[in-house]
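Novice: Take this sequence and fold it.
(chains A and B)
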Number of protein chains: 2
Amino acid sequence: MKVNQNYKKLRDNYLFVEIGRRTSAFWETHPETDIVRLGIGDVTQPLCPAVVDALKTASEEMGTVAGFHGYGPEQGYAFLREAIRDAYGARGVSLDASEIFISDGAKSDTGNMLDIFDRDNVVLVPDPVYPVYVDTNLMLGREVIFAGGVEENRFLPMPDPRVRADIIYLCSPNNPTGAVYGREALREWVDYARAQKALILFDAAYECFIRDDSLPRSIYEIEGAYDCAIEFCSLSKTAGFTGTRCGYTVVPHALEYEGTRLNKMWLRRQTTKFNGVPYIIQRGAQAVFTPEGQRQVREITDYYLGNARILADMLDRLGVFYTGGRHAPYLWLKCPGGLGSWEYFDFLLTKAHVVGTPGAGFGQNGEGFFRLSSFGDRARVQTAVERILAL
Amino acid sequence: MKVNQNYKKLRDNYLFVEIGRRTSAFWETHPETDIVRLGIGDVTQPLCPAVVDALKTASEEMGTVAGFHGYGPEQGYAFLREAIRDAYGARGVSLDASEIFISDGAKSDTGNMLDIFDRDNVVLVPDPVYPVYVDTNLMLGREVIFAGGVEENRFLPMPDPRVRADIIYLCSPNNPTGAVYGREALREWVDYARAQKALILFDAAYECFIRDDSLPRSIYEIEGAYDCAIEFCSLSKTAGFTGTRCGYTVVPHALEYEGTRLNKMWLRRQTTKFNGVPYIIQRGAQAVFTPEGQRQVREITDYYLGNARILADMLDRLGVFYTGGRHAPYLWLKCPGGLGSWEYFDFLLTKAHVVGTPGAGFGQNGEGFFRLSSFGDRARVQTAVERILAL
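Specialist: I've put the predicted structure just below:
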């Protein structure tokens, strides 16, 4: 039996391992220190009451003959697909429920979606970038090229018409930079993709942090996007589902390449290799889209945005260049004093006892930058800010 | 953007669509009939109380700051992996918890596992067969060859040393035939795989129905299997998790091909393309492995086996050839009177108002055979039997 040799091209990602190693080493020699973690990309606030109630009710149902649910539709129950369709509709994005696929999260679907594309496609990803976009393509033996996010473009790379690409990744609001594309910039990307017959994979996992109606929360707010874009979204950040696992992927019927409808291919992929998201979890997800659920999850994202505001104010006071922190849970700052990412990591850890994420872990262009996350507890964020300002 | 052309090799699977179409058509012209469905491969009994309690408790936990769980380990929580390790250990199969990966079901993992193998491998699958074994390999462009299950070998095909294969699928107790390999037969397969440096993908999704300790419930009960086999298992049938989605896959550290450890590759695949099973669901799954949970789920599988016994007794009385029905929830019978699979389907539907599954839907060798399932309600099974015997 021969193994997939493409796996040898993957580099081990030591980013969070190395963060853990350095933090533990410092802690061992300074056991009295109180370390504040602003590095984590995970949420910390509990599930909202509407979701918990729905999960419990569905669990009870499953214990009864009348309420038991066995195999469900692989693409998700209609009650949830229709709730999501209506939520898009309320924002002016018209979708059919059959264009929406319920998933166990955007990470699974962004990886698995690649099954339906030929190996021989050129993939364009931003740098810095969420590392799994790159790794999932390398596993399949695809060529990956980069669009550079830098200080000059405020980490919002734009298309270069001289560059040929078949598959284009965009993530807005961005992880790790927190940068958000405006309508005009996204339109340029859509026009570029259409001109090349390329496909945009749009990661909208952080759309819930957008508080300005002039900023697009969905790629489908841009004219022409139904013909050239798949959108991935998730309840992980919207409703604290990182450990509850539910997302959704939009594959419009209008998407057609080489005479083949991608919606039909993806349905075939999912019915063959997936058996749907647990009924209980889909009932929990449905509760997010009720008026009560929307109010409750909004409170939570407002809380994180409040943390982001506190961190942004600190950076403003320090006069440091940064992106994000508005309409995004991440702040991406230029390390002061020309420090490298890991040098600044060590500086913050040893002097302020604050842990963040070195930008170098997200690609070449991340060197010299640093990510702070607003997913922590308010009091801890304030403690971190006081310590950093006191330095 | 170029699409994966291998998808064009897939044939649409109309089996259950056609069953539904013919059933509806009959129903429309005979609205007074009471149709008994013995075709379904889904369970019908509710989740047991131990599982429901664990699901509710975990849901409540997730609503509290102290009990909230965000991203979990992609390979599953230690509490569940260790419970499964202990359950294997109690049956004499020694595993390390790091060899066990928690999944959202055997269907996902049998499909996704193929990512880590080269395209250029020959795949040997039994015929008749669970169709997704074939389709998931065709999607990747692999050559698929067949090992014939026929009346003469009681639908338990054995290895042919003249046939070269790299990846071998075995499913025991089998879907759709209900046939169960004995220890000696599995040993032959293990020896064959080792001689060829091939890999066995062993689908143990129905192991919980084995009630005879002399029959292997795990491939690892066979000497040498740690070196040549991956085992997929599921709580779908064990504990009624078809709509709750939790399974597990065993990838031993001893598995090494071309100098590469498959355990490490699969861990890399899962950490890159998967984010684990919901915490709540894993707590529910853990409850299956408690003494109380084991007692409760055993009652349910005993109930289905009781149904199977009733169907087997009927076939014995009719003098029809069949496999399965003991240590398996399925019965695979030779259509009486030389009828084809669909002819017998129509006969049962129109004369007895009983719906089963035509064997022709599971491969060439399924023609002339028919699958009955014991996953229904006891009284309905008895009704079906009375009607068929009265014919």
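Novice: Excluding sequence neighbours, find me the nearest residue to the residue of the stretch 51-200 of chain A found nearest chain B.
Specialist: Relative to chain B, the nearest point of the stretch 51-200 of chain A is A:Gly111 (3.3 Å; CB to the nearest CB). Placement of C-beta: from N, CA and C, glycine included. Using CB to CB, 6 or more residues apart in numbering or on different chains and skipping residues adjacent in sequence, the residue nearest A:Gly111 is B:Lys273, 3.3 Å away.
Novice: and A:Thr290, how many neighbours?
Specialist: 14 (other CB atoms under 10 Å in any protein chain shown).
Novice: typed the wrong thing, it's A:Lys2
Specialist: If you count neighbours by other CB under 10 Å, A:Lys2 ends up with 16.
Novice: what are the ranges of the helices in the stretch 251-391 of chain A?
Specialist: With helices called from DSSP state H, counting those that start in this stretch, the stretch 251-391 of chain A shows them at A:262-273, A:279-288, A:291-318, A:341-347, A:378-390.
Novice: buried set for the shortest one?
Specialist: Read that as helix A:341-347. Within helix A:341-347, the residues scored as buried using 16 or more other CB atoms under 10 Å in any protein chain shown are A:Ser341, A:Trp342, A:Tyr344, A:Phe345, A:Phe347.
Novice: on that earlier part again, now for the residue nearest to A:Gly111: which residues touch it?
Specialist: Contact analysis of B:Lys273 by CB atoms under 8 Å, 6 or more residues apart in numbering or on different chains lists A:Lys107, A:Ser108, A:Gly111, A:Asn112, A:Val132, A:Thr136, B:Asn112, B:Asp115.
Novice: Could you pull up the contacting residues of the closest residue in space to A:Val132 that isn't next to it in sequence?
Specialist: Spatial nearest neighbour of A:Val132, excluding adjacent residues (CB to CB, 6+ apart): B:Thr272 at 5.4 Å. Applying CB under 8 Å, 6+ apart to B:Thr272 gives the contacts A:Leu10, A:Gly111, A:Val132, A:Asp135, A:Thr136, A:Met139.
Novice: how close does A:Glu143 sit to A:Pro159?
Specialist: Per CB to CB, to the nearest Å, A:Glu143 is found 18 Å from A:Pro159.
Novice: A:Ala25 - how many residues pack around it?
Specialist: Around A:Ala25 there are 11 residues (other CB under 10 Å).
Novice: Tell me which helix or strand A:Ile200 sits in.
Specialist: strand A:199-203 (DSSP states H and E).
Novice: What of A:Ala195?
Specialist: Going by DSSP H and E, A:Ala195 is in helix A:183-196.
Novice: Which other helices and strands does that helix contact?
Specialist: strand A:167-171, strand A:199-203 (3 or more CB pairs under 8 Å, 6 or more residues apart in numbering or on different chains; DSSP states H and E).
Novice: now it, how far from the centre of its chain.
Specialist: Counting by CA atoms, centre = their mean, to the nearest Å, helix A:183-196 is centred 21 Å from the centre of its parent chain.
Novice: What mean pLDDT does that helix get?
Specialist: Per-region confidence: helix A:183-196 scores 98 on mean pLDDT.
Novice: Check which residues of that helix are buried.
Specialist: Applying 16+ other CB under 10 Å to helix A:183-196 flags A:Ala185, A:Leu186, A:Arg187, A:Trp189, A:Val190, A:Asp191, A:Tyr192, A:Ala193, A:Gln196 as buried.
Novice: List just the nearest of those to B:Gly20.
Specialist: B:Gly20 lies nearest to A:Ala193 out of the buried residues of helix A:183-196, by CB to CB, at 39.4 Å.
Novice: Measure how buried the residue nearest to that closest one when sequence neighbours are not counted is and give me the count.
Specialist: Nearest non-adjacent residue to A:Ala193, counting by CB to CB, 6+ apart: A:Cys228, 4.3 Å away. Counted with other CB under 10 Å, the neighbours of A:Cys228 add up to 27.
Novice: Quick check, pLDDT for A:Tyr14.
Specialist: 77.
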